[in-house]
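In: Mind folding the following:
(one chain, ligands or ions: 3)
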Amino acid sequence: MEPLQPSEVKGMEKAGQLASRTLDHVEKYVKVGVTTNELNQIVHDFTLSHGAKPAPLGYNGFPKSVCTSVNECICHGVPDDKKLADGDIINIDVTCILDGFHGDTSRMYEVGTVSQDKRDLIEVARTAMEKGIAAVVPLGTTGDIGFAINKFVTKKGYYAVREIGGHGIGKTFHGDPFVPSFGKKGKGDRLRPWTCITVEPMINVTNEPIVEFSIPGSTIKYYETQDKSPSAQWEHTILITDEGYEIMTVS
Ligand code: MF3
Ligand code: CO
Ligand code: CO
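Out: Ligands and ions are numbered 1, 2, ... in the order given. So this is what the prediction gives:
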């Protein structure tokens, strides 16, 4: 991605803030018995009412306005009419387009009473994202980020998903560079000041393969753990500056 002008940085801040506020808003609706289609509608309406568009809707044929990934779903879960159940964990991944700029962020939510194992997974995934963000250094590399994530996750006895990761973001939803959740310090693409990336590690409890599923009418795939063990993910959009970084997706 090309470096952003100061006015474009403002655009990314506004889009990021709206995406984060959307996650704040949807939180109160995440309850036993709600369907992911209902959450989709809430995200859709909130986004439009703030003058933005939901980026997923129609993106490479994706049929919904948000991704909702429940339990063993690793990412890109498609909202449907199934009700959330007590003990479920769900990742809600919101991307809005405001004045042409993308804000992309996701969080984990607990439905009713969740097992300690799942809560631990959520916490490890959150800290993994934070470790990845803390490794963002202008003119450092994507490998620095992946190394930091994987080092932490491995120490905790969990597994970072390798097939999918973060991405460049700005006026386009997904661009260079790929931001892996594993890697070697100093390897990978350089982090250019005044560009944005996402850091969005997906963390599993087991090292079983992941399974890819197609979505009718779309080239986007969704992913599940093969052994149906739970998976967790958090995501922020990050601006690389001359001196360090700033998180765009904050309320
Ligand atoms: N928000 C997802 C990401 O973090 C991408 C979703 S693409 C979609 O990159 F088409 F599935 F919405
Ligand atoms: Co993303
Ligand atoms: Co996302």
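In: Show me the beta-bridge partners of the closest residue to ligand 2 within the stretch 151-251 of the chain.
Out: Taking Cβ to the ion as the measure, the stretch 151-251 of the chain has residue 198 as its residue closest to ligand 2, at 4.0 Å. Every C-beta, even on glycine, is put in place using the N, C-alpha and C of the backbone. Applying DSSP bridges to residue 198 yields these beta-bridge partners: residue 237.
In: and it, what is it in contact with?
Out: Each residue near residue 198 by Cβ atoms under 8 Å, 6 or more residues apart in numbering is listed here: 104, 166, 167, 169, 179, 235, 236, 237, 238.
In: Residue 58 versus the closest residue to the second one other than its chain neighbours, what's the distance?
Out: Across the structure, with Cβ to Cβ, 6 or more residues apart in numbering as the measure, the residue nearest residue 166 apart from its sequence neighbours is residue 179 (3.0 Å). Residue 179 sits 25 Å away from residue 58, taking Cβ to Cβ, to the nearest Å as the criterion.
In: hmm, which two among the contacts of residue 198 are most spread apart?
Out: 167 and 236 (12.5 Å; Cβ to Cβ).
In: higher neighbour count, these two?
Out: Higher neighbour count among residue 167 and residue 236: residue 236, with 26 against 21, using other Cβ atoms under 10 Å.
In: looking at it, that one is touching residue 126, isn't it?
Out: No - between residue 236 and residue 126 there is no contact under Cβ atoms under 8 Å: 10.6 Å.
In: Assign a three-state SS to residue 96, would you?
Out: strand (DSSP: H, G, I helix; E, B strand; the rest coil).
In: Would you agree it is in contact with residue 55?
Out: Yes - between residue 96 and residue 55 there is a contact under Cβ under 8 Å: 6.3 Å.
In: Need the residues touching each of these two.
Out: residue 102.
In: okay, the two: which has more neighbours?
Out: The residue with more neighbours, out of residue 96 and residue 55, is residue 96; 31 against 25, by other Cβ under 10 Å.
In: what ranges do the helices span in this protein?
Out: Secondary structure of the chain (DSSP state H): helices at 6-27, 36-49, 116-134, 142-155.
In: Can you list the buried residues in the second one?
Out: Applying a neighbour-count criterion of 16 or more other Cβ atoms under 10 Å, the buried positions in helix 36-49 are 36, 37, 38, 39, 40, 41, 42, 43, 44, 46, 47.
In: Take those and write them to CSV, including pLDDT and distance to ligand 2.
Out: Below are the buried residues of helix 36-49 laid out as CSV (pLDDT from 0 to 100; distance: Cβ to the ion, whole Å):
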residue, pLDDT, distance to ligand 2
36, 99, 19
37, 99, 22
38, 99, 23
39, 99, 18
40, 99, 17
41, 99, 22
42, 99, 20
43, 99, 15
44, 99, 18
46, 99, 19
47, 99, 16
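In: how about those in CSV, adding distance to residue 69?
Out: Shown next, in CSV, are these (distance: Cβ to Cβ, whole Å):
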residue, distance to residue 69
36, 9
37, 14
38, 16
39, 12
40, 13
41, 17
42, 16
43, 14
44, 17
46, 19
47, 19
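In: which one among these gets closest to residue 210?
Out: Closest to residue 210, out of all of the buried residues of helix 36-49 and judged by Cβ to Cβ, is residue 36, at 20.3 Å.
In: residues in contact with that closest one?
Out: 68, 70, 77, 79, 80, 82, 84, 90.
In: Most neighbours among these, which one?
Out: Within the contacts of residue 36, neighbour counts (other Cβ under 10 Å) peak at residue 68, which reaches 27 neighbours.
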